[in-house]
Structure formats: structure tokens, C-alpha cells
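Novice: fold the following and give me the result.
(one chain, ligands or ions: 1)
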Amino acid sequence: MPEGHTIHRLAARHRELFAGQTVRVASPQGRFAAGAALLDGRVLLDTEAYGKHLLHHFAGESTLHIHLGLYGTFADGELPAPAPVGQVRLRLSGARHWLELRGPTACEVLDPVLVAALRARLGQDPLRDDASPRPAYARVAASGKPVFALLLDQAVVAGCGLIYANEVLFRAGLAPTTPGRAIGAQCWDELWDDLRALMKEGVVRGRIDTVHSAHTPEAMQRAPRVDRHGGEVYVYRRTGQPCLVCGTAILRGPLAGRNLYWCPTCQP
Ligand SMILES: [Zn+2]
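Specialist: The predicted model follows:
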């Protein structure tokens, strides 16, 4: 599933292509026909990302809410748009560009009350300027759940996904099973700051790199990682490979229903 940095990149891209324009909205597949009819011909005022949720705000207090889930994808290009092929949930056209959405988990029109309710369900998003680590820490410090699960809980930290959760715990030298209530305020602030910095870099690069400069392929004179997710990481999907810091084999195991990867030496 795309992590928050991808959604922030999409929000910026869609703002650049469509903000301030009157847009045509359609649902070639038909499943979003009623919602598309509501938005068609309106001005797309602005876009924003909140965690893994993408919001397109339209004139008339209507917001298009999209969650890509596991299978959702966007495509865009310059007009004229190609004929829709396959299951296109949403087709949006502006002055010069088109946008297509396939396979999302959510594609719906929300009014301001429902947008507020969505935000209220979500935790703090480290990529947003209005974010603060304090509300997240209040929940972490009150919980007996593993910090790994808390990082992945969208009601605690919005936008953090599996790769960032695994990597930020490695970088902190923290055992992923550490219960939230055992995490001190300063430790949480450091985790938050590191996560925020990594995710901001992800927005710029469009991929997730988490290794320090001493552990890049060039610095270590090793081959770059080969993985469809791209990016240089310490533990994510590196089961059985040597830790880049200490050489211990990276372990994998289920935790909170998700794939946890960790170095048993660096994260005792
Ligand atoms: Zn290690």
C-alpha cells in the first residue's frame, strides 16, 4: 500500500495540474457516476493529503475523497485524453491535462461535516505543517501495544506505513515489541523527528531511502538493493541478509498482523 509520502506527492501533482480550473468529471466505469455528476463542471480549488487520504476540494463545499488502498492507481497526461480502457473509476479533465483513477478503496464525495469526521479519525500526519507529536504521544504513552503497531495505527500517526515503521525503529535501535507506555517523551520526539525527516525526503525523491550516508551502496562498496519498492533500507524485506550495521541476519516475523523486520542485535 502506498505510504503517506506518495499521497502527498499526488496532492502536489494534482494541484499543479488542476487547481483553480473548471474540471470535467466522469466515471467511465460507472461506479462513481453519481459522485462524478455532483462535481462535473465545478472549480477544483485545492488538493491536500492527510495521511494516506487524498482530498480534492471543489467549489460548493464538496470534497472528493480518495483512498488508494492496495490496488488503487492514478495516471495523468496532456489532453486529448486516450479512450478509457478497463475499469476507470474516475476521469477528470482540466484545461490541459487529464487524470484517471483505477481500483481505489474509497472514491466518494464528502461534505465539510464528513471531511471533519475523517480528520477526527486520523492521527497526526508528520508530513503536514500543522502536525504535532504531542497528541500522538498521549496515545502512545497510554497504550500497552507494541510501538510497531502504534506507528502503523492511522489514528496515532497518519501516513506511516510498513516500510517507514520498520525502518524508523531500526534507526532508533528500538525493539519493535516495546510497549507504548515504556516509550519516554524524549524517545518519542526523536522517533517522530526521524520519521518526519525520512518521509519528507520520500516526498522529494519519490522513493523510500532510510540508510545513513555511511551505509549507502557507494560507501559500503556493495551492490544496490534490488526490490520492486526501490530505495536503500536497513531491514524491510531483507530477511536473512546481513545487517548493514552489525552483520547479524535480519529477522522477520508477524506482529500485530503485519510483517515485522528487525535486527536482533541492533534492536535488543
Ligand atoms: Zn544490526
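Novice: now do the same contact list for residue 258.
Specialist: 148, 149, 152, 162, 165 (CB atoms under 8 Å, 6 or more residues apart in numbering). (Glycine included, C-beta is placed from N, CA and C.)
Novice: rerun that using 7 Å as the cut-off
Specialist: Shown in contact with residue 258 (CB atoms under 7 Å, 6 or more residues apart in numbering): 152, 162.
Novice: residue of the stretch 1-150 of the chain with the smallest distance to the ion?
Specialist: Going by CB to the ion, the ion is nearest to residue 148 of the stretch 1-150 of the chain, at 16.7 Å.
Novice: got it, and the stretch 51-200 of the chain?
Specialist: residue 170 (7.9 Å).
Novice: what sits against that residue?
Specialist: Neighbours of residue 170 in contact, by CB under 7 Å, 6+ apart: 234, 235, 262, 263, 266, 267.
Novice: quickly note the distance from it to residue 70.
Specialist: Remark: distance between residue 170 and residue 70 (CB to CB, to the nearest Å) = 24 Å.
Novice: remind me, longest helix of this structure?
Specialist: Using DSSP state H to define each element, the chain has its longest helix at helix 185-205.
Novice: can you name the next helix or strand after that helix?
Specialist: Later in the chain than helix 185-205, the nearest helix or strand by DSSP states H and E is helix 217-220.
Novice: give the buried residues for the next helix or strand after that next one.
Specialist: Following helix 217-220 in sequence order, the next helix or strand is strand 251-255 (DSSP H and E). Residues 251, 252, 255 are the ones in strand 251-255 that count as buried (16 or more other CB atoms under 10 Å).
Novice: also stretch 144-162?
Specialist: 145-154, 156-162.
Novice: quick one: name the residues of the chain near the ion.
Specialist: 243, 245, 246, 248, 263, 265, 266 (CB under 5 Å from the ion).
Novice: torsion angles phi and psi at the fourth one?
Specialist: Spelled out, that is residue 248. phi -60, psi 150 (degrees, to the nearest 10).
Novice: just residue 100 next, same as before
Specialist: phi -130, psi 140.
Novice: make sure it is actually in contact with residue 86.
Specialist: No: using CB atoms under 7 Å, residue 100 is not in contact with residue 86; the gap is 9.9 Å.
Novice: which one of the two is surrounded by more residues?
Specialist: Taking neighbours as other CB atoms under 10 Å, residue 100 and residue 86 compare with residue 100 leading, 21 against 9.
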